[in-house]
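Visitor: Sequence plus the predicted model coming up.
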Amino acid sequence: MIRVESSIRIERAADDVFAYIANFDNNPDWQSGMVSARYTSEPPLGVGSTYAQVAKFLGRRVESNFAVVAYEPGRLVKITSTSGSFPITVTRSVEPAENGSLVHALVEGDASGFYKVAGPLMRRMVQRSVDSDYASLKELLESARI
C-alpha cells in the first residue's frame, strides 16, 4: 500500500481553487503525465459522478476510470479508481487560509503487477509526482492564467 500526502498554500480564494481542482477536465493542465480526462457522467458533480483518464507513468500508458465517493461542495472531493492497472484513491481538500487557501492531497494506492516490481521506489516516485503537480497547480492559479 502506498500512502502519500502533500499540502500547499495558494494565494487564491478557496472557492476558486476548489472549483478548479474539482473539475477533472482541468487535470491535464496541472498534472504531469496526464494525457486526457473526460466526464463519463452528467453534471452536476457529486457522489457517484464518474470520469475517465489517460496518463503516462513510468513510460506506460495508464487508462483508468474513477468515481466520486465523497463530496463536500467547496471543500472536499474524494475519488477512487473503478478500473485500471493501479488501484488508487485520491482525496483533495481546500480550506481558507490567510491571503488564500490551503490545499491538501492524500493519495492511497495499491501497487500491483508491473508497479509492484518497482517496490520501495514507487512511494518516492508518487510523492515526487504529487508534490510537483501541486506546485504546478499553485503556479497556474497564482499566475491568473485561469
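Guide: Structure received.
Visitor: Report all helices and strands that the helix or strand encompassing residue 91 contacts.
Guide: With elements delineated by DSSP states H and E, residue 91 resides in strand 88-97, which encompasses its position. Identification of packing neighbours for strand 88-97 by 3 or more Cβ pairs under 8 Å, 6 or more residues apart in numbering; DSSP states H and E yields helix 14-21, strand 60-72, strand 76-83, strand 100-109. (C-beta placed from N, C-alpha, C; glycine too.)
Visitor: repeat that with 6 Å
Guide: helix 14-21, strand 76-83, strand 100-109 (3 or more Cβ pairs under 6 Å, 6 or more residues apart in numbering; DSSP states H and E).
Visitor: Show me the shaky parts of the protein.
Guide: 111-120, 145-146 (pLDDT under 70).
Visitor: what's the burial count for residue 109?
Guide: For residue 109, the neighbour count with other Cβ atoms under 10 Å is 19.
Visitor: Next, the angle from the strand holding residue 91 to strand 100-109.
Guide: Angle between the axes of strand 88-97 and strand 100-109 is 170 degrees (criterion: axes from the mean of the first three to the mean of the last three Cα atoms, to 10 degrees).
Visitor: how about strand 88-97: buried residues?
Guide: By neighbour count on 16 or more other Cβ atoms under 10 Å, the buried set for strand 88-97 is 88, 89, 90, 91, 92, 93, 94.
Visitor: partner strands of that strand, parallel or antiparallel?
Guide: strand 76-83 (antiparallel), strand 100-109 (antiparallel) (DSSP bridges).
Visitor: Please put the alpha-carbon coordinates of that strand into CSV.
Guide: Taking C-alpha atoms only, strand 88-97 is exported to CSV below (Å, rounded to 0.1, in the frame of the first residue of the first chain):
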residue,chain,number,x,y,z
ILE,A,88,-5.9,4.4,-6.3
THR,A,89,-7.9,6.7,-4.1
VAL,A,90,-7.3,10.5,-4.1
THR,A,91,-8.7,13.0,-1.6
ARG,A,92,-8.4,16.7,-2.4
SER,A,93,-9.4,19.2,0.1
VAL,A,94,-9.3,23.0,0.3
GLU,A,95,-9.7,25.3,3.2
PRO,A,96,-9.5,29.1,3.6
ALA,A,97,-6.2,30.4,4.8
